[in-house]
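Asks: Fold the following and give me the result.
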Amino acid sequence: MQIRFVHGIISTFLLVCLGILNGCNTAPAPPEIKIAETQEHEIWRAGADIYAPQQYKTYKTVLRTGKDHFIIQESRFKWFRDYESVQKEFRDILSNGNDLLNNILEQKRVKLSAIASQVVLFQSRIDTLKKLTSFINEGRVSRRQLISAELLLAEAQRLAEKGKYPEAEKKLKIIPVYTASATEAISPVLNRYANKEQIAKWRVLVDDTIEASRAKGIFSIYISKIDRKLVLYKAGSPYKTYSIGLGKNGFHDKLHAGDLATPEGKYFITKKLPRSRYYKALLINYPNDEDRRQFTRAKKSGLISARAGIGGLIEIHGGGTDGMTYGCIAMDNKYLDELYSLIDVGTPVTIVGAIDYDNVISTTIKDL
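Replies: Coordinates of the predicted model:
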């Protein structure tokens, strides 16, 4: 009986000791371990390998080392585990991870801001070019390029909204190719209407025509391509103003047959045609002597083919202003009737691009 009593005391003592040992060495794993796992996933999702690859590489190396140290502690008996150093290590890892994440987010913010600025810049340039092409018939090629540019711009915006900034930047880099091509397609026309020397020459032609109308007390016609207007003068004063349509390449000066351009210069009515393919027509004396000289110079310089002809049969005719002609000036039938009844053969006709230095093209070009 005494032996059993002693045995019971010893057993109780051992259980108490084990309880004490277990109670003193069963501290849970540091919470920083789980937090680090979540942080690692957030950093990866933020695009660390794209925005901070070297810093991310260092972070992963340190994190892996920390996990190894944690595994070593986990492999020990409970009462021999010491998480203090592991906890400190993971606190440093979390701090570095926060710095890395903040760096990534700041880079993305900067990129988003830069992309937004580029979008505004490109949209402004596209809008300006679209405005310019709306003034001239020759803007067809340019408009196709601008459609492509706008599609790319829309794609870049969608990618940026999804946080795919590198992909958005790639789209934005292509846009200048299309806007440059669009600008190049219409630059020959734009340059003429922004050239003050050219406009000064056109103004002289118009002033001479108006002065002749005043001096002789006759009708004369002044046609402005940029305004798409035909102004009938009587004794030097504006009498009637009509809307007109131009050739497919109407904002170019005509050089040869088939170029679909509308001639520029001083002409006169050579014939009134009561019946024409386009209702009625007023035939002008294109080509005149200056047109022939210009045609010869263009051939010699190689601007046009040696086999090209100079062309002719340029008219002010009916058929409406909406369609594009082959180089003639078109009017609505009812207004052509009115003009037809007012003027005679021999009436001066002056066709120019523009007479205002600050015309709609020259002022819009400043926004490019």
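
Asks: Quick check: residue 265 vs residue 362, distance?
Replies: According to C-beta to C-beta, to the nearest Å, residue 265 and residue 362 sit 21 Å apart. In this view, the C-beta of every residue, glycine as well, is placed from N, C-alpha and C.

Asks: swap in residue 89?
Replies: Note on residue 89: its distance to residue 362, by C-beta to C-beta, is 70 Å.

Asks: Repeat that for residue 247.
Replies: Counting by C-beta to C-beta - residue 247 and residue 362 are separated by 22 Å.

Asks: centre of the chain versus the longest strand seen in the chain, how much separation?
Replies: Assignment by DSSP state E gives strand 265-276 as the longest strand of the chain. Put simply, strand 265-276 sits 44 Å off its chain's centre (C-alpha atoms, centre = their mean, to the nearest Å).

Asks: can you list the weak-confidence ranges in this protein?
Replies: For the chain, applying pLDDT under 70 flags the ranges 1-27, 323.

Asks: Quick check: closest non-adjacent residue to residue 49.
Replies: What sits nearest to residue 49 in space, not counting adjacent residues and going by C-beta to C-beta, 6 or more residues apart in numbering, is residue 56, at 5.8 Å.

Asks: Which residues are in contact with the one you found?
Replies: 43, 48, 49, 100 (C-beta atoms under 8 Å, 6 or more residues apart in numbering).

Asks: can I get the CA coordinates of the one helix or strand it maps to in PDB?
Replies: Here residue 56, judged by DSSP states H and E, is contained in helix 53-74. Extracted C-alpha coordinates of helix 53-74, given in PDB (Å, rounded to 0.1, in the frame of the first residue of the first chain):
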ATOM      1  CA  PRO A  53      11.500  43.200 -60.800                       C
ATOM      2  CA  GLN A  54      14.800  43.600 -58.900                       C
ATOM      3  CA  GLN A  55      13.200  44.700 -55.700                       C
ATOM      4  CA  TYR A  56      10.600  41.900 -56.000                       C
ATOM      5  CA  LYS A  57      13.400  39.400 -56.500                       C
ATOM      6  CA  THR A  58      15.100  40.500 -53.300                       C
ATOM      7  CA  TYR A  59      11.800  40.400 -51.500                       C
ATOM      8  CA  LYS A  60      11.200  36.800 -52.600                       C
ATOM      9  CA  THR A  61      14.700  35.700 -51.500                       C
ATOM     10  CA  VAL A  62      14.300  37.200 -48.000                       C
ATOM     11  CA  LEU A  63      10.800  35.700 -47.700                       C
ATOM     12  CA  ARG A  64      12.000  32.300 -48.700                       C
ATOM     13  CA  THR A  65      14.800  32.500 -46.100                       C
ATOM     14  CA  GLY A  66      12.300  33.500 -43.500                       C
ATOM     15  CA  LYS A  67      10.000  30.600 -44.300                       C
ATOM     16  CA  ASP A  68      13.000  28.200 -44.000                       C
ATOM     17  CA  HIS A  69      13.800  29.600 -40.600                       C
ATOM     18  CA  PHE A  70      10.200  29.100 -39.600                       C
ATOM     19  CA  ILE A  71      10.200  25.500 -40.800                       C
ATOM     20  CA  ILE A  72      13.300  24.800 -38.700                       C
ATOM     21  CA  GLN A  73      11.500  26.000 -35.600                       C
ATOM     22  CA  GLU A  74       8.400  24.000 -36.500                       C
END
